[in-house]
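Participant: heads up, no residue letters with this:
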């Protein structure tokens, strides 16, 4: 059974994403000249590549005993390389993923879902630590490949993306009676004893829209509707939980993780904020998540943990939360919330000797700040629109 590392534990890690020393300066420039902020050197991304991407394309977490790499790290790295128009790094990341996570079975005619965790084993050798796949990473890799094929005009990427999306539909999907298709977190270990465990943060709407555009005969458009129903039902107070479940014909509190929303759930707000306003589900999806906006307006901080059923909150979320919430505030037209996010994200510019950059702060920082500074957006069909394709011409 797949056991994925708790997001809170990851705050002490550096899963392959470097310090972004330029975030604060980029924010300041963008406030004066958005085109300059969107089109200038993406220093945060460049430092991530220099510090954390090995020459062979492995995104490595140096802080863990296993020196681990995850399919998530690879998938996000591919996305950032595409946003940065860095095809050389994209190809290195893809080659490493094919060789080490998919055992060289990653071709249009022979597509294997990537293992989610790779690193140093107990005997000192390196290899796959957990062969189960992670469906969110698989979705992002398929998306990255499909968009790379379109943006770089290379059908080889498109064919790989199509093949991977097909395997996701075959191996990582289930059907919920009365709801429709639903994404499992992975092919193994999430259905037992009449309970199906689900993760709301695994369902970014723009990615589902893009897959529906590329595979109109697939389950993706219906999955988008099912995902919205999951989000709306499991967030009665406007707060998404980290995990949820399906049992006895309805969405329920996850029996293993409870109703807490924290380090997983923060991405639900991020994906909602990244969705094109032209998407018919964009506005209702944001409305279903209104609790976070109200809480930040009330207290000035995002809570580290919140009960999705009662709304009871505790703690203060770290920088990664502000990074995830910046696009959310922007999509809501919440200038105060966005201003708070920008102010806090300036801390990403701090270079503290002896302090390693925090994984979740950095990766969500690249997602969130890259978006609000205009480096990329998604259109109504979920297609990636990077600044290098228009504003920077």
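Facilitator: Yep, it's here. In this text, all values refer to a predicted model and were calculated from it rather than measured experimentally.
Participant: residues in contact with stretch 77-87?
Facilitator: Contacts with stretch 77-87, where a contact means C-beta atoms under 8 Å, 6 or more residues apart in numbering, come from 16-17, 42, 45-46, 48-49, 53, 59, 89-90, 93-94, 97, 140-141, 143-145, 147-148, 151-152, 366, 370, 375-376, 384, 386, 388. C-beta here means a position set from N, CA and C on the backbone, and glycine is covered the same way.
Participant: stretch 334-346 now?
Facilitator: For stretch 334-346, contacts defined as C-beta under 8 Å, 6+ apart pick out 23-24, 27, 31, 293, 296-297, 300, 319, 322-323, 325-326, 328-330, 365, 368-369, 372.
Participant: for the residue of the chain most remote from its centre, which three-state class applies?
Facilitator: Distance from the centre of the chain peaks at residue 123, with 32.3 Å (C-alpha atoms, centre = their mean). At residue 123 the chain is in coil, as set by DSSP: H, G, I helix; E, B strand; the rest coil.
Participant: and if you look at residue 174?
Facilitator: Residue 174 ends up strand, using three-state DSSP.
Participant: for the stretch 1-150 of the chain, just list every one of the helices.
Facilitator: In the stretch 1-150 of the chain, the helices defined using DSSP state H, counting those that start in this stretch lie at 7-10, 23-32, 34-39, 43-52, 71-83, 87-96, 135-151.
Participant: now do the helix or strand residue 363 falls within, average pLDDT.
Facilitator: Residue 363 is part of helix 359-372, with elements assigned from DSSP states H and E. For helix 359-372, mean pLDDT is 90.
Participant: and if you look at stretch 261-278?
Facilitator: 98.
Participant: what are the buried residues along stretch 151-166?
Facilitator: Within stretch 151-166, the residues that qualify as buried are 151, 157-165, counting by 16 or more other C-beta atoms under 10 Å.
Participant: show me the contact partners of that stretch.
Facilitator: 82, 87, 106-109, 111, 113, 138, 141-150, 211, 214-215, 218, 220, 384, 386, 389.
Participant: got it, and stretch 384-393?
Facilitator: By C-beta under 8 Å, 6+ apart, the list of residues contacting stretch 384-393 reads 35, 38-39, 82-83, 85, 147, 151, 210, 374-379.
Participant: which two of these have the greatest separation?
Facilitator: Farthest pair in the contacts of stretch 384-393 (C-beta to C-beta) is 35 and 210. Separation: 25.7 Å.
Participant: and these two? which has more neighbours close in?
Facilitator: The neighbour comparison of residue 35 against residue 210 (other C-beta atoms under 10 Å) goes to residue 210, with 26 against 13.
Participant: test my guess that that one contacts residue 383.
Facilitator: Yes. The pair residue 210 / residue 383 is scored as a contact, 5.8 Å apart, by C-beta atoms under 8 Å.
Participant: which residues are in contact with both of those two?
Facilitator: residue 147.
Participant: now do the buried residues in the host helix or strand of residue 298.
Facilitator: Using DSSP H and E, residue 298 falls within helix 290-299. For helix 290-299, a neighbour-count test (16+ other C-beta under 10 Å) marks 291-293, 295-296 as buried.
Participant: can you turn the buried part of the contacts of stretch 334-346 into a PyMOL selection?
Facilitator: Entered in PyMOL, the line below selects the buried ones among the contacts of stretch 334-346, by 16+ other C-beta under 10 Å:
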select buried, resi 23+24+27+293+296+319+322+323+325+326+328+329+330+365+368+369+372
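Participant: quick check: phi and psi at residue 181.
Facilitator: phi -70, psi 150 (degrees, to the nearest 10).
Participant: my bad, should have said residue 339
Facilitator: According to degrees, to the nearest 10, residue 339 has phi -60, psi -40.
Participant: report pLDDT for it.
Facilitator: pLDDT for residue 339: 98.
Participant: can you count the residues close to it?
Facilitator: 13.
Participant: so it versus residue 324, what's the distance?
Facilitator: Distance of residue 339 to residue 324, given as C-beta to C-beta, to the nearest Å: 16 Å.
Participant: thinking again about what came up before, in its sheet, what does the helix or strand just after the helix holding residue 298 sit against?
Facilitator: Following helix 290-299 in sequence order, the next helix or strand is strand 305-307 (DSSP H and E). Applying DSSP bridges to the sheet, strand 305-307 is found paired with strand 260-261 (antiparallel), strand 313-314 (antiparallel).
Participant: most neighbours per residue, which of these?
Facilitator: strand 260-261 (a mean of 26; mean count of other C-beta atoms under 10 Å).
Participant: ok, for residue 91, nearest residue in space, not its chain neighbours?
Facilitator: If the residues on either side of it in the chain are set aside, residue 91 comes closest to residue 57, at 7.6 Å by C-beta to C-beta, 6 or more residues apart in numbering.
Participant: quick check: closest non-adjacent residue to residue 144.
Facilitator: Distances taken as C-beta to C-beta, 6+ apart place residue 78 nearest to residue 144, at 4.0 Å, with adjacent residues excluded.
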